[in-house]
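In: Any chance you could fold what I've pasted below:
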Amino acid sequence: MPTEARVVVVPQEQGQALEVVDVTLPDPGPNQVVVRQFASGICHSQLHTIHNPRQAPAILGHESTGEVEAVGESVMDLKPGDTVMVTWVPKNQQQARRQGGSTALELPDGRTATSINVFTWATHTIADEMYVVKVPDDIDRESDSIIGCAVITGAGAVLHTAQVQAGDSVAIIGVGGVGLSAVAAAAHLGADPIIAVDLDDTKLEFAKKFGATHGVNASNDDAVAAIKELTPVEGQFDILRQPVSGVDYAFDCIGHASTMKQISEMVRSGEFGQSKGGTAVLVGVPQTPIELDSRHMFMGERGYICSLGGSCEPGEDLPRFIEWHRDGILDLDSLVTQRYSIDDIGVAVEDLENGRVAGRSILVFE
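Out: The predicted structure follows:
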């Protein structure tokens, strides 16, 4: 049975206001699920889609909580009434290997709006089952809605991609929703120090609530020099016999050209003849290429790796992070700082773009 929904649409023409459109979702295909949504995160990466050229109208959003309303004939592990989370990362390796196409939604005026995989800025969504994970019925319907992107991306980068250990030193550039999730994960794993880097003193102070031990305001200070001053490694010298300083892991949760380069400079050199250097981890979505100082990376045996979706497997990691929230390890109630209705999506995007969101903002549908 078709489902009536209200969906945020980004017009094909750049510079046009976002639309909230009444649509009729079709019956689910064999591997599809229709979800009535409780809440959806508003991710900073969606600004890239809004501002970049596109071939068709776009439908956005990739993290939410909701309840299954209908399933396709081949869906075996989900049923109507199940509480679920929608995410943009395939929930397990088996599902990831199955070919799943992009989402196309027919609009009443004849246009076709598209998404790479899912859309959650909507009262209801239809998605391939590979992106829908069954979770306990008693989740926090609002705060937990950001686990499917912000949390898995930030906390997953620390937990899975870098595999940070107790006592490792960590720097995290950009302490919005993703960066704060990374801070909380680093604190839970026993990293020390945990140095937050941002351009706003209020955000840096907020990051301490999640476990940051230090804050560096990059608008006032040379962030690389400040990190090195905070992290001397006693008694160790690099190949040039210079004292070693810098963090074991530096995470860029922004993806700007400057920050992508800075993380390569923040990580320590290896001790010559004794150990490898630190590792820079790119977490934010990059929009431009960069050039790294290859001699700097080589001589210090430093590493540079990337983290897509926190290297997570949502079928296992979403329940894990739900428990982190319940246990107080991850304070999502504080991390979600703003709530909007679907009709206020334009205000929500403007607030995000202009730095008026301290943590993570969400759309609430009920």
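In: Check which helix or strand residue 4 maps to.
Out: strand 3-10 (DSSP states H and E).
In: Now do the buried residues in that strand.
Out: By neighbour count on 16 or more other CB atoms under 10 Å, the buried set for strand 3-10 is 3, 5, 7-10. The way it works is simple: take the backbone N, C-alpha and C, and place the C-beta from them, glycine included.
In: Likewise for stretch 32-49?
Out: Across stretch 32-49, burial judged by 16+ other CB under 10 Å covers 32-46.
In: mind checking the SS state of residue 271?
Out: coil (DSSP: H, G, I helix; E, B strand; the rest coil).
In: of the buried residues of strand 3-10, closest to residue 118?
Out: Residue 118 lies nearest to residue 7 out of the buried residues of strand 3-10, by CB to CB, at 12.2 Å.
In: For this structure, which residues score under the pLDDT cut-off?
Out: The model of the chain has pLDDT under 70 over residues 101.
In: one more time with 80, if that's ok
Out: Across the chain, the ranges flagged by pLDDT under 80 are 1, 100-102, 366.
In: nearest spatial neighbour of the one residue sitting closest to the centre of it, skipping sequence neighbours?
Out: Compute the mean C-alpha point of the chain, and by CA atoms, centre = their mean the closest residue is residue 150, 3.3 Å away. Residue nearest to residue 150 in three dimensions, not counting chain neighbours: residue 177, with 3.8 Å by CB to CB, 6 or more residues apart in numbering.
In: For residue 159, give me its contacts.
Out: Applying CB atoms under 8 Å, 6 or more residues apart in numbering to residue 159 gives the contacts 185, 189, 310.
In: So which elements touch the longest strand seen in the chain?
Out: Ranked by residue count and defined by DSSP state E, the top strand of the chain is strand 32-42. Using 3 or more CB pairs under 8 Å, 6 or more residues apart in numbering; DSSP states H and E, the elements in contact with strand 32-42 are strand 64-71, strand 83-86, strand 124-128, helix 345-353, strand 360-364.
In: how does it look with 6 Å?
Out: strand 64-71, strand 124-128, strand 360-364 (3 or more CB pairs under 6 Å, 6 or more residues apart in numbering; DSSP states H and E).
In: Which stretch among these approaches residue 97 most closely?
Out: Between residue 97 and the helices and strands packed on strand 32-42, the tightest spacing by CB to CB is seen for strand 124-128, at 13.0 Å.
In: okay, the closest one in PDB with CA atoms only?
Out: Taking C-alpha atoms only, strand 124-128 is exported to PDB below (Å, rounded to 0.1, in the frame of the first residue of the first chain):
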ATOM      1  CA  HIS A 124       8.700   8.500   6.000                       C
ATOM      2  CA  THR A 125      11.500   7.000   3.900                       C
ATOM      3  CA  ILE A 126      11.900   4.000   1.600                       C
ATOM      4  CA  ALA A 127      15.300   2.300   1.700                       C
ATOM      5  CA  ASP A 128      17.100  -0.900   0.800                       C
END
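In: can you offset everything so residue one is 579?
Out: Sounds good: first residue 579 from here, last item strand 702-706.
In: Please enumerate residues in contact with that strand?
Out: Strand 702-706 has contacts (CB atoms under 6 Å, 6 or more residues apart in numbering) with 581, 583, 603, 609-614, 664, 678, 696-697.
In: just checking, next helix/strand downstream of it?
Out: Sequence order places strand 710-712 as the next helix or strand after strand 702-706, per DSSP H and E.
In: That next one: what's the following helix or strand?
Out: helix 730-734.
In: partner strands of the next helix or strand after that following helix, parallel or antiparallel?
Out: The helix or strand immediately downstream of helix 730-734 is strand 748-751, counting by DSSP H and E. Strand 748-751 has the following sheet partners, assigned by DSSP bridges: strand 772-776 (parallel), strand 827-830 (parallel).
In: could you dump those to a markdown table with distance to residue 740?
Out: What follows is the strands paired with strand 748-751, written out as a markdown table (distance: least, CB to CB, whole Å):
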| stretch | distance to residue 740 |
| --- | --- |
| strand 772-776 | 13 |
| strand 827-830 | 5 |
